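Engineer: need the 3D shape of this:
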Amino acid sequence: MAENKVVHAAQRAAFSVAIDAAIKAVRGKGTEHMTEEAVKLINLAEPLLSKRYKASAFDAARKFVQDPNGKWMEYAYRAINEIDPHILKMNVLNLGYEGMFSGYNYVMELRKKYDCNMPWILLFDPTASCNLHCKGCWAAEYGKTLNLTYEEMDKLVTEGEELGIHWYMCTGGEPMCRKNDLLKLAAAHQNSVFHLFTNGTLIDEEFCKEVQKVGNMAFFISIEGIGDATDDRRGKGVFDKVMHAMDLMQKYGLLYGTSICYTSQNYKAVTSDEFIDMLISHGVRFNWYFHYMPIGDGANVDLMLNAEQREYMIHRVREIRGLTGGKQIFCIDFQNDGEYIDGCIAGGRQYAHINPAGDVEPCVFIHYSNANIHEKSLLECLQQTLFKEYHKGQPFNHNHLRPCPMLENPELLGEMVKRSGAHSTDMQQPESTQDVFNRCRPYAQQWTPAAERIWAEEHPDCGSCTACSK
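Structural biologist: A predicted model of the protein is given here:
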């Protein structure tokens, strides 16, 4: 990296000491110690992040932490007391300092240098293998023999770190089928974090002990609801196995949340008080909600939400994570939170995805590509023509409740694929963009009026969509 290595080492060491001190000062001491330590960390971060955030943002943060009994201060206190100190430190240090500051700054330099998208998060599939076969899973269509070798994953992460990327998410397939290699990878790259999207059924006590040692791992456990709601999609007995895995992870102080695919059938169940309270009681820190995507041959479009159901999700998720009220669990809705990240983040704008065949795709849900890591360097793959089309087109809609070039703006995906000459990377059966368009267009048509109404109500001065009176 262009950054002075001595300065980098000194800054990392300072953050490391500060995080250790904060954990020690707060752990088991009561929430009244939280404010002082939080202010110290904010003061340490301000000079480093002053180019990205206004001084008013840091003033607001200091004001926010003044109430030690506030909802999110209590949330932080619980996390500090319940998460293993080494795991907590490594995730905060590598995600905060390396990922969001040092690495992110370098990523921004490279975006200007190469005039292309450059991600600070990289998703990759260690394997296509999975011990389950869930209904409607986009990964289930892949063959069972595809894997990235350890050497290929190590090379990928090494090249990524050289580009300033320090946040790696492992999807699949089931990443835990490669748990020994992923533990080895995390140990070899202690300046990065590795977050696994897993069904949870392969997590055992010995694995939890190893995660404690490496520290720089966290988990998103897939779940569809309580009891049969999960078993109906994932298989009989899976819910109980997931609960057992969570109990083990809670015992060893691991950092974990959930990955929830919401559909027309389960959207209320997975946002219910009963469900959220159950997750919190099992040590879950965060929920990532994903709108069902009609991907692959035989995708069930009936699982897609109608406009009323999606609007419910918007309001309910925001209610759960509100500054007051709601629940002490952090929720992100990948489809409905576009306004906080300026729309679509795929195509290397914030992240990219690499499938187990090595194809570099714009998104886990969009299976087209011009480049493969077996043939090109990671940097060359990120400069592929399809990603350049994303770079030119983003945001795909100024109404960020319609962020996706596939789901809400399906005509755009076909145009980009055609102009770039990208090919289908669907490994079950090559899929034309026309097939994708045909599935998504009816959804987009019925969602658009609702999205524009909601956007106009929440952003009366925006003036970007047809619902606006201006």
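
Engineer: for the longest helix anywhere in the chain, packing partners?
Structural biologist: Identified as the longest helix of the chain according to DSSP state H is helix 433-458. In terms of contacts (3 or more CB pairs under 8 Å, 6 or more residues apart in numbering; DSSP states H and E), helix 433-458 is packed against helix 307-320, helix 410-420. No exception for glycine: its C-beta is placed from N, CA and C like everyone else's.

Engineer: tell me the buried residues in the last one?
Structural biologist: Under the neighbour-count criterion of 16 or more other CB atoms under 10 Å, helix 410-420 has Pro410, Leu412, Leu413, Gly414, Met416, Val417, Ser420 buried.

Engineer: all strands for the stretch 201-350 of the chain, in order.
Structural biologist: Taking DSSP state E, counting those that start in this stretch as the criterion, the stretch 201-350 of the chain carries its strands at 217-222, 256-262, 286-291, 330-333.

Engineer: could the ones you listed be laid out in JSON lines, adding mean neighbour count?
Structural biologist: Supplementary listing: the strands of the stretch 201-350 of the chain in JSON lines, determined by neighbours: other CB atoms under 10 Å:
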{"stretch": "strand 217-222", "mean neighbour count": "24"}
{"stretch": "strand 256-262", "mean neighbour count": "24"}
{"stretch": "strand 286-291", "mean neighbour count": "20"}
{"stretch": "strand 330-333", "mean neighbour count": "20"}
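
Engineer: next, format these as CSV and append mean pLDDT and distance to Phe124.
Structural biologist: Shown next, in CSV, are these (pLDDT from 0 to 100; distance: least, CB to CB, whole Å):
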stretch, mean pLDDT, distance to Phe124
strand 217-222, 98, 15
strand 256-262, 97, 16
strand 286-291, 98, 17
strand 330-333, 98, 20
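
Engineer: among those, which is nearest Ser16?
Structural biologist: Closest of those to Ser16 is strand 217-222, at 17.8 Å (criterion: CB to CB).

Engineer: and the angle from the closest one to strand 256-262?
Structural biologist: Going by axes from the mean of the first three to the mean of the last three CA atoms, to 10 degrees, strand 217-222 is angled at 30 degrees with respect to strand 256-262.

Engineer: how far does strand 217-222 sit from its chain's centre?
Structural biologist: In terms of CA atoms, centre = their mean, to the nearest Å, the gap separating the centre of strand 217-222 from the centre of its chain is 10 Å.

Engineer: can you give me the end-to-end distance of stretch 371-385?
Structural biologist: For stretch 371-385, the first-to-last residue distance is 9 Å (CA to CA, to the nearest Å).

Engineer: can you mark which positions in it are buried?
Structural biologist: So for stretch 371-385, counting by 16+ other CB under 10 Å, buried means Ala371, Asn372, Ile373, Lys376, Leu378, Cys381, Leu382, Gln383, Gln384.

Engineer: and the second one, what does it touch?
Structural biologist: Right, Asn372. When contacts are counted by CB atoms under 8 Å, 6 or more residues apart in numbering, Asn372 touches Ala357, Gly358, Asp359, Val360, Cys381.

Engineer: run a quick neighbour tally on the third one.
Structural biologist: Neighbourhood size, Asp359 [other CB atoms under 10 Å]: 23.

Engineer: what helix or strand is the closest residue to Ala25 other than its chain neighbours located in?
Structural biologist: If the residues on either side of it in the chain are set aside, Ala25 comes closest to Glu37, at 5.2 Å by CB to CB, 6 or more residues apart in numbering. Here Glu37 sits within helix 34-49, counting by DSSP states H and E.

Engineer: relative to the whole chain's centre, how far out is that helix?
Structural biologist: Here helix 34-49 is found 25 Å from its chain centre; the criterion is CA atoms, centre = their mean.

Engineer: can you check stretch 176-194 too?
Structural biologist: 18 Å.

Engineer: so for it, what gets flagged as buried?
Structural biologist: For stretch 176-194, a neighbour-count test (16+ other CB under 10 Å) marks 176-179, 181-186, 189, 191-194 as buried.

Engineer: partner residues bridging Gly257?
Structural biologist: On the basis of DSSP bridges, Gly257 is bridged to Phe220.

Engineer: coming back round to it: a markdown table for the buried residues of helix 410-420, including pLDDT and distance to Ala79?
Structural biologist: Converted to a markdown table, the buried residues of helix 410-420 look like this (pLDDT from 0 to 100; distance: CB to CB, whole Å):
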| residue | pLDDT | distance to Ala79 |
| --- | --- | --- |
| Pro410 | 98 | 40 |
| Leu412 | 99 | 40 |
| Leu413 | 98 | 39 |
| Gly414 | 98 | 44 |
| Met416 | 99 | 40 |
| Val417 | 99 | 42 |
| Ser420 | 99 | 43 |
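
Engineer: closest one of the residues you listed to Arg310?
Structural biologist: Each of these was scored against Arg310 by CB to CB, and Pro410 proved nearest at 15.9 Å.
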